[in-house]
Structure formats: structure tokens, C-alpha cells
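> structure, please.
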Amino acid sequence: MREVDVGTADGRVLHAYDVGPTGRSDELVVLWHHGTPNTGVPPEPLFEAARSLGIRWIGYDRPSYGGSTPHHGATVASGADDARQVADQLGIGRFAVFGHSGGGPRALACGALLSDRVLAVVSISSPAPWPADGLDFFEGMSDGSVRELQAAGRGRAELEEVLAANEFDPESFIAADYAALDGAWSWFNGIVQAATANGMDGMVQDNVTAMAPWGFELSEVAAPTLIMHGTADRMVPSRHAEWLAAHCPGAELQLQRGQGHISVLDSAPTALDWLRRER
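Here you go, the predicted model:
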């Protein structure tokens with residue numbers, strides 16, 4: 001995997017990753033939008049499935065994560081422009097996007113704002129925007145998720161205070177999530193450690209941005225879109241996915257019964273199959 005630093009038009013740096021060409025003439029490039037708090041290293045547990053489908057992964061650290069510099073004025077919509085600049089630097093024209101958790105809104109932003117570049121969108125375990133008309137946003141969330149997101153809605157200072165005073169709420173994950181983190185998705189353990197090694201600024205930025213206006217309308221998502229969610233997710237309840245699917249034109253909703261925020265990714269190979277078919 002190649003790593004490069006991409007200079008943005010406004011003077012920032014985005015640290016990007018490229019697993020390299022597949023060698024197939026019908027190669028499909030998929031840009032990974034990572035979760036919160038993660039770095040942008042593409043998802044190693046999906047590499048084998050991706051290779052079999054001729055999928056080439058790229059990704060980048062969102063601002064304040066890993067090797068990327070801060071961007072405190074960012075919105076969710078800013079992620080689309082960052083993705084465009086990464087693709088430009090890597091010499092990639094058209095591509096699909098795949099976002100998990102906090103990366104879901106950024107993937108949807110690409111579908112809305114890069115209609116000339118984005119072939120298809122996959123969003124897994126994504127929150128809806130705040131506030132979302134007709135959605136009881138916090139219903140079914142773990143206490144820890146509610147506490148952090150409510151603080152994020154009140155601004156950076158309050159969220160920093162909450163994160164400094166509280167540890168991760170273990171009730172945010174179900175038993176299937178913990179099994180996934182002990183098994184195929186143990187990869188996340190190192191990714192989260194790397195994302196928080198220099199502090200929580202990336203997580204703060206992600207959550208404050210997610211609870212502010214996103215900067216685009218879901219009705220603008222023009223690319224084919226798959227929204228996947230676990231019905232037992234306690235970090236972001238599946239009602240968020242239902243709301244997103246109802247507000248994205250032509251979106252397909254796949255609810256994975258009994259799966260949580262992480263364990264739903266065991267079904268991600270089917271999302272890669274869907275991307276290949278849409279391609």
C-alpha cells in the first residue's frame with residue numbers, strides 16, 4: 001500500500017492511502033470514508049473480497065486524524081472536496097465511495113456534490129443529520145452515544161469536556177460487535193489506537209461537524225446508493241438508516257437483522273458485490 005501526502009488548495013495536508021492497481025481492465029476504484037475515531041487506512045478485512053471483484057481501495061485521514069492537518073471550519077460537505085482532491089492527486093477520474101459510521105455522511109456528500117465523478121455510494125451504520133424531521137434522533141442510542149452527540153451539538157468545548165471526563169460506554173456495542181472486534185474486525189483495534197494517539201481532536205471535529213448543518217441536501221444524492229445498517233445497533237440505531245433511505249432518491253435499504261454497529265460489516269462483501277453490479 002502506497003501512502004502519499006496531498007496538498008489541498010487551501011494549504012492543508014491530507015494523508016492518503018492507495019492499495020494499488022488491480023491489473024484488471026474493468027478495475028473499480030472505491031474511496032473508503034473511515035469511521036469515528038479511525039484513520040483512513042482502507043479496510044484490510046475486505047481486501048480479499050475486493051481483489052476478487054477487481055476493486056482498488058483508496059482512502060485518506062480526515063482532518064486532525066493521522067497525518068492530516070486540522071480544518072476547523074469544515075462541514076460534512078467539505079469531505080467531498082477533500083475526496084476529489086485526493087482522487088485528483090492519485091490520477092483517478094471516476095470512483096465509488098464506501099463510508100462506515102462517521103464516514104457515512106461523507107460518502108453521501110460525495111454522492112450529492114461529486115455527481116460527475118462518483119459512480120455509486122455505500123453508507124453503513126451512518127447517522128442521520130441533526131435535526132432530522134420526523135426522527136426521534138436519540139431513541140434507542142446508548143447513554144454514552146447520547147451524551148457525546150448532545151455535547152457535540154452544543155459545540156467543541158462541551159464535547160471536549162465530556163470526552164475528557166468519560167470513558168467509552170460498553171453498552172454502545174452488542175455481543176456481536178465484541179465478537180467481531182475479537183475476530184475478523186480486530187483490525188479496528190489498531191486503527192482506533194492510531195487515530196487517538198495524538199489526542200481526540202479528530203473525533204471532536206467529526207462529531208461537532210456531524211451535529212451541525214451538513215452543507216448539502218440528501219435530495220441531491222444522484223448516484224446509486226446502498227444504505228446498510230444493523231437492526232440491533234445501539235451506537236446509531238437503525239431508524240437513522242430508514243430515515244436516510246427515505247430521503248435519498250432511489251436509495252436501496254438493507255437492514256441486517258440482529259447486527260450491531262461493527263458486526264454489520266460482516267455483510268460488507270455483499271455491499272462490494274452491489275458496487276460491482278452498479279459499476
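> can you give me the strands for this structure?
2-7, 13-18, 28-33, 55-60, 95-100, 118-124, 225-230, 252-256 (DSSP state E).
> got a list of contacts for the third one?
Outside strand 28-33, the residues that touch it by Cβ atoms under 8 Å, 6 or more residues apart in numbering are 40, 42-43, 50, 53-60, 79, 83, 86-87, 92, 94-100, 103-104, 106-107, 110, 119, 272, 275-276, 279. Using the backbone N, CA and C atoms, a C-beta is placed for each residue, glycine as well.
> ok, the first one next?
Residues from elsewhere that reach strand 2-7, judged by Cβ under 8 Å, 6+ apart: 13-20, 60, 67, 85-86, 89-90.
> 7 Å - rerun?
13, 14, 15, 16, 17, 18, 20, 67, 85, 86, 89 (Cβ atoms under 7 Å, 6 or more residues apart in numbering).
> identify the farthest-apart pair in these.
Among the contacts of strand 2-7, the pair separated by the greatest distance (Cβ to Cβ) is 13 and 20, at 21.6 Å.
> got the contact list for the spatially closest residue to residue 101 that is not a sequence neighbour?
Using Cβ to Cβ, 6 or more residues apart in numbering and skipping residues adjacent in sequence, the residue nearest residue 101 is residue 35, 3.4 Å away. For residue 35, the contacting residues are 100, 101, 102, 103, by Cβ under 7 Å, 6+ apart.
> 10 Å instead?
43, 99-104, 124-126, 188, 191-192, 195, 206, 235, 261-262, 265 (Cβ atoms under 10 Å, 6 or more residues apart in numbering).
> and the gap between it and residue 224?
As judged by Cβ to Cβ, to the nearest Å, residue 35 and residue 224 stand 22 Å apart.
> residue 122 now?
Distance from residue 122 to residue 224, by Cβ to Cβ: 10 Å.
> so what sits against both of the two?
With Cβ under 10 Å, 6+ apart as the test, residue 122 and residue 224 both reach 96, 111, 252, 274, 275, 278.
> chain neighbours aside, what residue packs nearest to the residue nearest the centre of the chain?
Nearest to the mean C-alpha position of the chain, counting by Cα atoms, centre = their mean, stands residue 103 at 1.4 Å. Take residue 103 and drop its neighbours on the chain: the residue closest to it by Cβ to Cβ, 6+ apart is residue 33, 3.1 Å away.
> do residue 120 as well
Counting by Cβ to Cβ, 6+ apart, the residue nearest residue 120 is residue 278, at 4.1 Å.
> how close does the one you found sit to residue 28?
Residue 278 is 9 Å from residue 28, by Cβ to Cβ.
> quick one, which of those two is more surrounded?
More crowded of residue 278 and residue 28, by other Cβ atoms under 10 Å: residue 28, with 21 against 17.
> quickly list what that one is bridged to.
Taking DSSP bridges, one finds residue 55 as the beta-bridge partners of residue 28.
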